[in-house]
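Undergrad: I would like to see how this sequence folds:
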Amino acid sequence: MNFFTALYFFIYKDVPRPFRMSGYVPFNGPICVAMVAAPNTLSLLFFSWVNQSQNALVNYFNRNASSPMSNETLAYSYGAAVGSALLVAFGASQLIQRRFEPARAKQLLSFAAFPSSVVASSANCYIVRSPELETGIPLLNEDHEEVLPGAVSHAAASAGVASTVFSRAVLQAPVYFLPPLLMSTIGPLKRYLAAHPAMSVPITTYLVLVAFGVGLPASVAIFPQISSISADRVEERFQHLREPKTNQPYKEFYFNKGL
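TA: Numbers count the residues shown, from 1 in each chain. Prediction:
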């Protein structure tokens, strides 16, 4: 048990509220608003760092906990995930500011959060969860019991990490793309914001939180936490196993992919 895991069990005995999936909207929502409303590169980079730091901890606490993670691996994963986020955010921001006039660039900067967050959140999730690919995860039967105690499947770990990375990428679309798109294309809303610029932040906040509240359960539901994998896709040592109830070979196995 490493330091972070020990601290987690000692203080919380459960996933801390800011890093639960149920707490993702209230805790991460304001950060997303700040990213969408960022007026310049420096503020976009700062809130990208805050966002990906929070995402890294969400990914850490919601991984398959049967896969151990050392302090060194955690530190490397965090550095690589946050570094990729800042690199993508900086590149997108610089590209916009160099190719467009200042007024247009400021308007388009709100869209820079979308591609940077898709790439960075996907990389963040993959990097933080990548130790599972090396250690593997247990395969379960339909009663969620290990089919071969002590043995792990790298194929199931790969499927779990891949599906989680994809769901994180899908989540970014409604959160970062829809609010600025609606605010810049819907005529009445666009005219209202032009006449009342002070309402930009409250309306952005509302749209982001609504998009987040709808998008999060939808993206999580794409792949259930307890997922299945066909027996012919796992390692050979599992393929000869038979179900205790029927004495028939397993057709599929289950595994906890995390959230």
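Undergrad: centroid residue for the chain?
TA: With distances taken as C-alpha atoms, centre = their mean, the residue of the chain nearest its centroid is R168 (3.8 Å).
Undergrad: and that one, what does it touch?
TA: 55, 121-122, 124-125, 219 (C-beta atoms under 8 Å, 6 or more residues apart in numbering). No exception for glycine: its C-beta is placed from N, CA and C like everyone else's.
Undergrad: select only the buried ones of these in PyMOL?
TA: Buried residues within the contacts of R168, by 16 or more other C-beta atoms under 10 Å, are selected in PyMOL with:
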select buried, resi 55+121+122+124+125+219
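Undergrad: identify the farthest-apart pair in the contacts of R168.
TA: Maximum pairwise distance in the contacts of R168, criterion C-beta to C-beta, is 14.8 Å, between N124 and S219.
Undergrad: what ranges do the strands span in the stretch 151-259 of the chain?
TA: 226-230, 252-256 (DSSP state E, counting those that start in this stretch).
Undergrad: report the inter-axis angle for the last one versus strand 226-230.
TA: Angle of strand 252-256 versus strand 226-230, following axes from the mean of the first three to the mean of the last three C-alpha atoms, to 10 degrees, is 150 degrees.
Undergrad: secondary structure element for the residue nearest to F100 when sequence neighbours are not counted?
TA: Spatial nearest neighbour of F100, excluding adjacent residues (C-beta to C-beta, 6 or more residues apart in numbering): L108 at 6.1 Å. Assigned by DSSP states H and E, L108 belongs to helix 102-129.
Undergrad: what is that helix packed up against?
TA: helix 24-36, helix 41-61, helix 71-99, helix 154-172, helix 178-185 (3 or more C-beta pairs under 8 Å, 6 or more residues apart in numbering; DSSP states H and E).
Undergrad: mind redoing it with 6 Å?
TA: When contacts are defined as 3 or more C-beta pairs under 6 Å, 6 or more residues apart in numbering; DSSP states H and E, helix 102-129 packs onto helix 24-36, helix 41-61, helix 71-99, helix 154-172.
Undergrad: name the nearest residue to P138, sequence neighbours excluded.
TA: E146 (4.8 Å).
Undergrad: quick one, phi/psi of the one you found?
TA: Backbone geometry at E146, expressed as degrees, to the nearest 10, gives phi -60, psi 130.
Undergrad: just give the number of residues close to the residue nearest to H154 when sequence neighbours are not counted.
TA: Nearest residue to H154, sequence neighbours excluded (C-beta to C-beta, 6+ apart): G136, at 4.5 Å. Applying other C-beta atoms under 10 Å, we find 20 other residues in the vicinity of G136.
Undergrad: ok, G136 - contacts?
TA: By C-beta atoms under 6 Å, 6 or more residues apart in numbering, the contact list for G136 reads 152-154, 157.
Undergrad: distance check, the residue with the largest distance to the centre of the chain against L241.
TA: Within the chain, N247 marks the point farthest from the mean C-alpha position, 39.6 Å out by C-alpha atoms, centre = their mean. Distance of N247 to L241, given as C-beta to C-beta, to the nearest Å: 11 Å.
Undergrad: where does the chain have low pLDDT?
TA: Scanning the chain with the threshold set as pLDDT under 70 gives 1-14, 64-70, 106-107, 109-113.
Undergrad: start to end distance for stretch 132-150?
TA: 15 Å (C-alpha to C-alpha, to the nearest Å).
Undergrad: now do the buried residues in it.
TA: Those buried within stretch 132-150 under the rule 16+ other C-beta under 10 Å are 132-133, 136-141, 147.
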